[in-house]
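Trainee: only the shape, not the letters, is given here:
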DNA sequence: GGTTTTTTTGTTAACGTGCACATTCCTTTG
DNA sequence: CAAAGGAATGTGCACGTTAACAAAAAAACC
């Protein structure tokens, strides 16, 4: 290599320093503060001054650095969102609704997902907190002890979504998964079924679908209340459930005696898997086996017979969450009263029952 | 311990000041720099010192502020990802794969989506750039002039994904949508069909599904090459396409003379809509109308008959993108050579053709 | 034992912005 | 016309961290 290797000849692609607010102010012949104002509170700057500033900005290609702004203003503009996974249409809808509500106020969503693992949730949480979000949205109401402590210490508003059963850390927007299970059971009972099964995932290390588990619990309690057996409530496989889960669990269901007449799956994905496997095995749905799901995923409406399921408006859930956050962060809305919103759920009666 | 009692009585809701690295250093009896090192490069700090620091950190509940760190180190740890939408399983998979590849290197994903609008893309882009991402991943190869300028000026590596046709701004990971269209056409032609249709969305203001449009173009060219008519290539409705799109376009297709034998939809969603509408109308698939989709969405494999489609491994696409970014950002990998990776595509032959 | 090298820790000065306060320059008012 | 008030702009500094360099302590060497 060359003798001046120590300092290195400037590489061909010398990285040009990005223009700062100081460069803009110099070009526009104003103070930095005026530039800042021209961007943040334009009406506080006289029109011709503002025009000069704007011109300098576009000439230089100046783009403000929000890390610096955050440090100074102590406002990051981040809202943290923790989901189990992105590859679930309902959770994606939450993110969607949340963004819609938050966009107008110029907040950015910082999304993390934990694959249904509480350990991972905690790691992600630590990471998120380093970004100083102004509010944190968590899925579910079950967290590790340390996670809760971390959240509490952070002194940031926390909204738990999609599970209203247990006592929330602070605020909550969602529905009761327990109630969803009860609703499903009562629906099937009302239809005259007596040998009723339910399927969900089993717990494996720290990978748990607590929300699915809540649905099963509500389902079981409703069965008991009606004097029916809970022997057919099956916890099988690892979360999250899938078509394959449904297909493999269908085999178990169909082998049981006495003959199972109806089954509730904690997710449409699993329910659809069951329907498909039945089709493959020549078992008629709903005649031989009625199938009910949860989540109202698109494909449930598309299969044959279309799937009876429970619908929750996740997009609205996200929007309501966003609105709540805006209230919480508005100067007058900081009354610290824990808020709780139930978005409810509805049975979507279709052909599979 | 005197507080900074510049102003008199503390407000009722005095927000406890978060501990800073200075608080930690004081408690541990070391300099701030040592604390920083204990966190960033632990092996550079002697073990007992590190232990004291760690203890102080957990006692105080100290969480570093990355905005401050970013400002000083000029590294934000952000990778920006712009998607058309999150509520599309394939794009969600991209985010998933990308995160997987990036997690080990401690990068955070900053996700934005633009609803297929180029105006919105530009707004989102400006916003993202204020966060100083170290790399930017964009979906598609078509952007507004100003967006391209903004990107160029930002001096940040740009990776375009999911479209390999046009000349990329810089790096690219994806597949050729044009080729996907051609492949579909040739597949249908090889099956013996002659009256072949294709359906996609039409352009509406700046809301365009360019990738779908590319597929249609490839499809048309392959038809022409085979001496077949492109009269049945239909652009209908607004992007993104959906079941409803398929259902409504099915009516148009079935009314056409001469009788259309096969149809390719730019998305499985639309294709499934067509199949369902056919079912409703008593049109047999594939006997009366063969249907082919694109995207290999879950539900395509679940309907009856299962959908013949084109599969692209979007998760792998995300992972490859992540790996490329890691190379680009590694000190030795900055050779500035534009890179391009084709992840290819495969026809998934199922019952609908 | 004294020198050199290595390891460990400390000091100083940014990084780019916005808040709090100060100043200037105009209007308004009695 | 002096005093008071308001609008527009400027000054100084703090925000919390890390890079670069400096110094001290420990280890290695001859």
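Mentor: Happy to help now that I have it. Fair warning: this is a prediction, and the values are worked out from it, not measured in the lab.

Trainee: and stretch A:142-160 with DNA strand D, contact?
Mentor: No: counting by C-beta under 7 Å from any atom of the strand, no contacts exist between stretch A:142-160 and DNA strand D, the nearest distance being 12.3 Å. C-beta: built from backbone N, CA, C; applies to glycine.

Trainee: wait, does that stretch make contact with chain B?
Mentor: Yes: Stretch A:142-160 lies within reach of chain B by C-beta under 8 Å from any C-beta of the partner chain, at A:149-150, A:153-155.

Trainee: and the buried ones among those, selectable in PyMOL?
Mentor: The PyMOL selection below is limited to those of those classed as buried (16 or more other C-beta atoms under 10 Å in any protein chain shown):
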select buried, chain A and resi 150+153+154
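
Trainee: the residues of stretch A:142-160 next to chain B in helices, which ones?
Mentor: Using DSSP state H, the members of these that fall in helices are A:149-150, A:153-154.

Trainee: a markdown table please, covering the residues you listed and showing pLDDT.
Mentor: Shown next, in a markdown table, are these (pLDDT from 0 to 100):
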| residue | pLDDT |
| --- | --- |
| A:149 | 91 |
| A:150 | 92 |
| A:153 | 90 |
| A:154 | 92 |
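
Trainee: which one of those residues is nearest to residue B:298?
Mentor: Closest approach to residue B:298 among these (C-beta to C-beta): residue A:150, at 35.5 Å.

Trainee: how far away is the closest one from residue B:52?
Mentor: 22 Å (C-beta to C-beta, to the nearest Å).

Trainee: residue A:158: how many residues sit nearby?
Mentor: The number of residues packed around residue A:158, counting by other C-beta atoms under 10 Å in any protein chain shown, is 21.

Trainee: which ones are touching the closest residue to it other than its chain neighbours?
Mentor: Distance criterion C-beta to C-beta, 6 or more residues apart in numbering or on different chains; nearest residue to residue A:158, sequence neighbours excluded, is residue A:170 at 4.5 Å. Residues counted as contacts of residue A:170 (C-beta atoms under 8 Å, 6 or more residues apart in numbering or on different chains) are A:157-160, A:338.

Trainee: drop anything exposed from those residues.
Mentor: Taking 16+ other C-beta under 10 Å as the criterion, what is buried in these is A:157-160.

Trainee: most widely separated two among the residues you listed?
Mentor: A:157 and A:160 (11.1 Å).

Trainee: so what's in contact with these two at the same time?
Mentor: A:170-171.

Trainee: once you drop chain neighbours, what's closest to the residue of chain A found nearest chain B?
Mentor: Closest residue of chain A to chain B, C-beta to the nearest C-beta: residue A:299 (3.6 Å). Of all residues not flanking residue A:299 in the chain, residue B:299 sits nearest, at 3.6 Å (C-beta to C-beta, 6+ apart).

Trainee: where does chain A have low pLDDT?
Mentor: By pLDDT under 70, the weakly predicted segments of chain A are A:1-16, A:333-335.

Trainee: which residues in the stretch 1-150 of chain A form strands?
Mentor: Listed in chain order, the strands of the stretch 1-150 of chain A (DSSP state E, counting those that start in this stretch) span A:78-83, A:108-113, A:135-139.

Trainee: in a markdown table: these, plus mean neighbour count and distance to DNA strand D.
Mentor: Shown next, in a markdown table, are those (neighbours: other C-beta atoms under 10 Å in any protein chain shown; distance: least, C-beta to the nearest atom of the strand, whole Å):
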| stretch | mean neighbour count | distance to DNA strand D |
| --- | --- | --- |
| strand A:78-83 | 25 | 15 |
| strand A:108-113 | 24 | 18 |
| strand A:135-139 | 25 | 18 |
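
Trainee: so for residue B:200, which of those strands sits nearest?
Mentor: Of all the strands of the stretch 1-150 of chain A, strand A:108-113 comes closest under C-beta to C-beta, at 29.7 Å.

Trainee: now that closest one and strand B:108-113, what's the angle there?
Mentor: Interaxial angle of strand A:108-113 relative to strand B:108-113 (axes from the mean of the first three to the mean of the last three C-alpha atoms, to 10 degrees): 120 degrees.

Trainee: show residues contacting strand A:108-113.
Mentor: The contact list for strand A:108-113, computed with C-beta under 8 Å, 6+ apart, reads A:77-86, A:95, A:98-99, A:102, A:124-125, A:127-128, A:131, A:133, B:99, B:108-112, B:127, B:131.

Trainee: on that earlier part again, make JSON lines from the residues of stretch A:142-160 next to chain B and add distance to residue A:224 to it.
Mentor: Converted to JSON lines, these look like this (distance: C-beta to C-beta, whole Å):
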{"residue": "A:149", "distance to residue A:224": "36"}
{"residue": "A:150", "distance to residue A:224": "38"}
{"residue": "A:153", "distance to residue A:224": "41"}
{"residue": "A:154", "distance to residue A:224": "41"}
{"residue": "A:155", "distance to residue A:224": "43"}
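
Trainee: so which of the residues of stretch A:142-160 next to chain B reach DNA strand C?
Mentor: Checking those against DNA strand C by C-beta under 7 Å from any atom of the strand, not one of them is in range.

Trainee: of the residues of stretch A:142-160 next to chain B, which is the nearest to residue A:117?
Mentor: Among the residues of stretch A:142-160 next to chain B, residue A:150 lies closest to residue A:117 (C-beta to C-beta), at 16.1 Å.

Trainee: so what's the closest one closest to, chain neighbours aside?
Mentor: Counting by C-beta to C-beta, 6+ apart, the residue nearest residue A:150 is residue A:125, at 6.0 Å.

Trainee: what about the helices in chain A?
Mentor: According to DSSP H, chain A carries its helices in the segments A:21-28, A:32-40, A:47-60, A:66-73, A:89-103, A:118-130, A:145-154, A:177-190, A:210-225, A:243-255, A:268-281, A:314-329.

Trainee: most tightly packed of those?
Mentor: Ranked by mean neighbour count under mean count of other C-beta atoms under 10 Å in any protein chain shown, those are led by helix A:268-281, which reaches a mean of 24.

Trainee: how many degrees apart are that one and helix A:210-225 in direction?
Mentor: 70 degrees.

Trainee: show me what helix A:268-281 is packed up against.
Mentor: Applying 3 or more C-beta pairs under 8 Å, 6 or more residues apart in numbering or on different chains; DSSP states H and E, one finds that helix A:268-281 contacts strand A:196-202, helix A:243-255, strand A:262-265, strand A:290-292.
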